[in-house]
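Trainee: Fold the following and give me the result.
(chains A and B)
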2 protein chains.
Amino acid sequence: MAAAFTSLTETRAYQELILLARHPYDLTGKQALQADNRLERYVCRTELLDLHYATERVDDQVLTLLQELADELRVVEQFQMMRRGAVLNRIDGFASENRQVLHTACRDLFSPEPVEPLATGQAKKELAKLRTFLGKIDSGELCNQKEARFDTLIHVGIGGSDLGPRCMFEALRAYALPGRQVHFIANVDPDDGARVLSGVNLARTLVCIVSKSGTTLETLTNEKLVCRALVEAGLDPAKHCIAVTGEKSPLDDPAKYLESFYMDDYIGGRFSSTSMVGAVMLGFALGMDRVMDFLQGASDIDRLAEEKNIRRNMPLLLALIGVWNHNFLGYPTLAVLPYSQALHRFPAHLQQCDMESNGKSIDRQGRAVTSRTGPIIWGEPGTNGQHAFYQLLHQGTEIVPAEFIGFKQSQMAIDLLVQETTSQQKLLANLLAQVVAMATGQSSDNPNRNFPGNRPSCLLLAEKLTPRVMGALLAAYEAKIVFQGFIWNINSFDQEGVQLGKVLAGRFLQALKDPSGSGENFEGVFLNQL
Amino acid sequence: MAAAFTSLTETRAYQELILLARHPYDLTGKQALQADNRLERYVCRTELLDLHYATERVDDQVLTLLQELADELRVVEQFQMMRRGAVLNRIDGFASENRQVLHTACRDLFSPEPVEPLATGQAKKELAKLRTFLGKIDSGELCNQKEARFDTLIHVGIGGSDLGPRCMFEALRAYALPGRQVHFIANVDPDDGARVLSGVNLARTLVCIVSKSGTTLETLTNEKLVCRALVEAGLDPAKHCIAVTGEKSPLDDPAKYLESFYMDDYIGGRFSSTSMVGAVMLGFALGMDRVMDFLQGASDIDRLAEEKNIRRNMPLLLALIGVWNHNFLGYPTLAVLPYSQALHRFPAHLQQCDMESNGKSIDRQGRAVTSRTGPIIWGEPGTNGQHAFYQLLHQGTEIVPAEFIGFKQSQMAIDLLVQETTSQQKLLANLLAQVVAMATGQSSDNPNRNFPGNRPSCLLLAEKLTPRVMGALLAAYEAKIVFQGFIWNINSFDQEGVQLGKVLAGRFLQALKDPSGSGENFEGVFLNQL
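Mentor: A predicted model of the protein is given here:
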């Protein structure tokens, strides 16, 4: 089965796209954005989220070839296989994780027949456990040894167990239950934990330790830091701690945790936001109804992503436009620019989800890749960024494609009129202005006021950042990343690139532990220079 | 004077460096890091901060040519001219801001004879005003109309009036005076302000409005949002608000502000952290003594940056290595990776400071540049990033030079032993491991476990992130950015690239205000599609 997968450069469409890339659509021409009803036609509408792509350097010919490319590479079939449990986390002929990839099963809860009933059954079981657990918290049946109710949660994890949940919490905290607070500790830097612990009432604090393997050094270290603080406050850690982990991991221990919620090894850390990794924290913060809304938004997109027509399959279209910008137009990075302060950690989450998935050099047959793989992802919220790095976006020598994200309404609806417009209107006007400015540019007699334009971007637009829209947005990017991995014929689901650092860190740690014995080693020599 | 400036590509050293870049130093060779005492020799030590650069792809020959390059372009002389008041914010023969560049004068407070006495005199006057003002806050002489003491400050600004101060606060909050809190509002997204306002006791809150021109739309809008909240809480805004602004700007109004602190137009927003823009907030949070420590650290580096020998001038060496990686080895981005959670907003600040300064395409004579200018800057703290995007750093097809930043001690010294080492030791071990792993790589029979190495990086290392070290770190990057601008012969001090977006935003705002009248305009047509 896997041997049938081919790579981007082996397709018929590839050579034609190379030729078209020499003269991509000119966005700076007169009426270039209005021509052929472009603004109207180049929109991919979904129930919750529309993708406007008239400001990308594509035309009908390019889109037709991108469709051919997707068809030739059978990327939608691969996505369908993934959702149904194919072992796609592997490299043919070499040792690899050799696992299924089933994060989508966590949210396939809304149709009578889930496509992978076993994994979805597991997810339902854990959700039911969570609902019961949170019910006890809400009713006060479960409280600490001094009968204090829990109103705060410290989420302890790192990487996939941190960035997604942190981003989702920030995005949706406007919907938090009254009085509920969430804090995060990730970094092994002791100041990270110290700062969080200095600002909470530990008696009212649940601590959620998140590690699939139950062996992540940073997380176990921070768990000990938090438990020491609990003990110093006269509290019993076993009455405050819960865990999210693999079944039978060291964290699956009723003597130490009020409850352990499970995640299976077919859920990769960076795709785990809709598993218990995100759900426990979100359930505590927002309540289960909103968790279900969030999962439903993700599920909607998963089903949409099985559509073969790229003009209707929004995540696939986003993936293909990304490939066009990266592999054919040659741009090495992608800026993700949400016009929503609530999404301020979304670029950081995508950095992980995208760059850890697709920052690879070996294809699924163990050969060196023949094209560039994943781009560098970065970004900050607008309008803040406009007063910062947008100078380079408009006039720098590095060209940066952008994905703008916006909403018609604010979350909290606390707004006011200044100079006859609301803040939300100003936000939206700035967003649209940037999309257009990057595309069209503007000429001037003063060379320093000249804008070359032709800097491609697109706009993901929704009515409002609700839990359901957040689920859809997350799943759209997850599917985009997976599609791009299929196009590059790489394994997007492993992370061998993090191993060398772990090994070398162990050696340096040994040298730090025993400075006398290591003067002869490289590590000792290096340490002596510091 | 200005006509004498030349560009990188016009130098004699340029052609030779092009040749050397074909075969840069191979970091993956056996003992490549130990050869010629490289680990020992490739360190630039300063009083507070050492730059270790043995893991860059440079050798003595490259360094000699980089010295020649710096000499040919007279970059140190230009830096000296800048500090002494030369009008360097200009483009010859074209309309431009035409200003001096004197952020360094704000901190030239520690030698008997400041190099630009007028500007430093102004800075001293404002610092004295601030000291008096904060004394009244501390003593309780100045409190709100209901006699509540101020313990919270909301800093309202955007871009240069936000990112620097926010970063400095996060970096140094471990040193905050007991009970003092600071919050920031920047985004015109109304949810940004709403969230901050929902979490403070307004009766005890000072509000600092920061805008050099006094006309920044986002900031004035957020000022009104905060003032409305004050009025709704029965409080008088004039008894809660202060301003940082240009003298005689609309914010310089004793009827509306308890005090207005001044900044002159020779201080660019992105270089304003050591002016009143940063000092008012830091003074409130940390006290004046620590503000002076912070300024002293910056001043130390400014003086060091006048050294002509690149092996001793740390910011210049950092700048030249950056040019080597960007212009000669061809890498489009730079990752800044602090191993310190307190520095989590430092990459965002540098994104602004660097990319807004050097994201330019026109030289100081108004000609198109003949080389690439500023790179894309991005990054997140380690060890968090190790569990996220480092996969791409080690095994991706995009090569990313990195600047690591680390400290031997934590700020709060709340630590514990787990498996015989402290968290701080684990943090440091991971940092060193990454520097080495990127450089040396590692081969494996499993192609997916192969690390190509030769990914250049350097390490900025200090004892501890104190106010003085933060000042030095900030000034080092500011000087680096200025030096690179001199090397590319661009004006690093203007930001014409932000203007087009402003004009277009105005048009979209008009169309949003009056939807009926705009169906014929481009803006109306676009809005109709949304």
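Trainee: and for stretch A:314-323, what are the contacting residues?
Mentor: A:8, A:44, A:46, A:49, A:51, A:53, A:56, A:58, A:66, A:69-70, A:75-76, A:301, A:304-305, A:307, A:310-311, A:334, A:375, A:401, A:403, A:458, A:475-481, A:483-484, A:487 (C-beta atoms under 8 Å, 6 or more residues apart in numbering or on different chains). Any C-beta I mention is one placed from the backbone N, CA and C, and that applies to glycine too.
Trainee: which parts of the stretch 101-250 of chain A sit against chain B?
Mentor: A:158-160, A:162-163, A:173-174, A:186-195, A:197, A:217-218, A:220-222, A:224-225, A:228 (C-beta under 8 Å from any C-beta of the partner chain).
Trainee: Return the subset of those lying in helices.
Mentor: A:163, A:190-195, A:197, A:217-218, A:220-222, A:224-225, A:228 (DSSP state H).
Trainee: Please identify the helix or strand for A:A429.
Mentor: helix A:423-440 (DSSP states H and E).
Trainee: What would the following helix or strand past that helix look like as PDB? C-alpha coordinates only.
Mentor: Toward the C-terminus, helix A:423-440 is succeeded by strand A:457-462 as the next helix or strand (DSSP H and E). Once non-C-alpha atoms are left out, strand A:457-462 reads as follows in PDB (Å, rounded to 0.1, in the frame of the first residue of the first chain):
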ATOM      1  CA  SER A 457      -1.900  36.300   1.100                       C
ATOM      2  CA  CYS A 458      -5.300  34.900   1.800                       C
ATOM      3  CA  LEU A 459      -7.900  35.500   4.400                       C
ATOM      4  CA  LEU A 460      -9.700  33.100   6.700                       C
ATOM      5  CA  LEU A 461     -12.900  34.800   7.900                       C
ATOM      6  CA  ALA A 462     -15.500  33.700  10.300                       C
END
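Trainee: now the next helix or strand after strand A:457-462, how far from the centre of its chain.
Mentor: Where DSSP H and E defines the elements, the next helix or strand beyond strand A:457-462 is helix A:467-488. Computed by C-alpha atoms, centre = their mean, to the nearest Å, the chain-centroid distance of helix A:467-488 equals 8 Å.
Trainee: and what of stretch A:322-331?
Mentor: 21 Å.
Trainee: Separate out the buried members of the residues of the stretch 101-250 of chain A next to chain B.
Mentor: A:158-160, A:162-163, A:173-174, A:186-195, A:197, A:217-218, A:220-222, A:224-225 (16 or more other C-beta atoms under 10 Å in any protein chain shown).
Trainee: Show the low-confidence segments of the stretch 251-400 of chain A, by residue range.
Mentor: The model of the stretch 251-400 of chain A has no residue with pLDDT under 70.
Trainee: re earlier: now the contacts of stretch A:314-323: which count as buried?
Mentor: A:8, A:44, A:46, A:49, A:51, A:53, A:56, A:58, A:66, A:69-70, A:75-76, A:301, A:304-305, A:310-311, A:334, A:375, A:401, A:403, A:458, A:475-481, A:483-484, A:487.
Trainee: So which of those residues reach chain B?
Mentor: A:P375.
Trainee: Quick check: which element contains A:R507?
Mentor: Per DSSP H and E: helix A:499-513 holds A:R507.
Trainee: could you check whether whichever helix or strand comes after that helix is close to chain B?
Mentor: Beyond helix A:499-513 in the direction of the C-terminus, DSSP H and E gives the next helix or strand as helix A:522-529. Yes. Helix A:522-529 comes into contact with chain B (C-beta under 8 Å from any C-beta), by way of A:F522, A:E523, A:V525, A:F526, A:L527, A:Q529.
Trainee: Among the residues you listed, find me the one that's closest to chain B.
Mentor: Nearest to chain B out of the residues of helix A:522-529 next to chain B is A:Q529 (C-beta to the nearest C-beta; 5.0 Å).
Trainee: Let me know the pLDDT of that closest one.
Mentor: Confidence at A:Q529, expressed as pLDDT, is 87.
Trainee: do you know how far the closest residue to it other than its chain neighbours is from B:N454?
Mentor: Leaving aside its chain neighbours, A:Q529 sits nearest to B:L39 (5.0 Å; criterion: C-beta to C-beta, 6 or more residues apart in numbering or on different chains). Counting by C-beta to C-beta, to the nearest Å, the gap from B:L39 to B:N454 is 17 Å.
Trainee: got the domain boundaries for chain A?
Mentor: With domains defined by automatic domain parsing, chain A comprises A:2-73+A:307-494, A:103-294, A:497-529.
Trainee: Make JSON lines from the ones you listed and add distance to A:G85 to it.
Mentor: Output for those, formatted as JSON lines (distance: least, C-beta to C-beta, whole Å):
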{"stretch": "domain A:2-73+A:307-494", "distance to A:G85": "13"}
{"stretch": "domain A:103-294", "distance to A:G85": "5"}
{"stretch": "domain A:497-529", "distance to A:G85": "26"}
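Trainee: what number of residues lie near the closest residue to A:E306 other than its chain neighbours?
Mentor: Computed as C-beta to C-beta, 6+ apart, the closest residue to A:E306 that is not its neighbour in sequence is A:Q80, at 5.5 Å. For A:Q80, the count of nearby residues is 14 (other C-beta atoms under 10 Å in any protein chain shown).
Trainee: ditto for A:V525
Mentor: 17.
Trainee: Also the one 5 residues further on?
Mentor: The number of residues packed around A:L530, counting by other C-beta under 10 Å, is 14.
Trainee: Contacts only, for it.
Mentor: B:D50, B:H52, B:K408, B:L461 are the contacts of A:L530 under C-beta under 8 Å, 6+ apart.
Trainee: A:S7 now?
Mentor: With C-beta under 8 Å, 6+ apart, A:S7 has these contacts: A:D363, A:V369, A:T370, A:S371, A:W488, A:N489.
Trainee: I figured A:G164 hits A:Q351, correct?
Mentor: No. Contact criterion C-beta atoms under 8 Å: A:G164 and A:Q351 do not qualify, at 11.5 Å.
Trainee: Settle it for me: which of those two has more neighbours?
Mentor: A:G164 (30 against 25).
Trainee: how about the strands of chain A, start to end?
Mentor: Secondary structure of chain A, counting by DSSP state E: strands at A:43-45, A:50-52, A:152-156, A:181-185, A:205-210, A:241-245, A:260-262, A:333-338, A:376-378, A:402-407, A:417-418, A:421-422, A:457-462.
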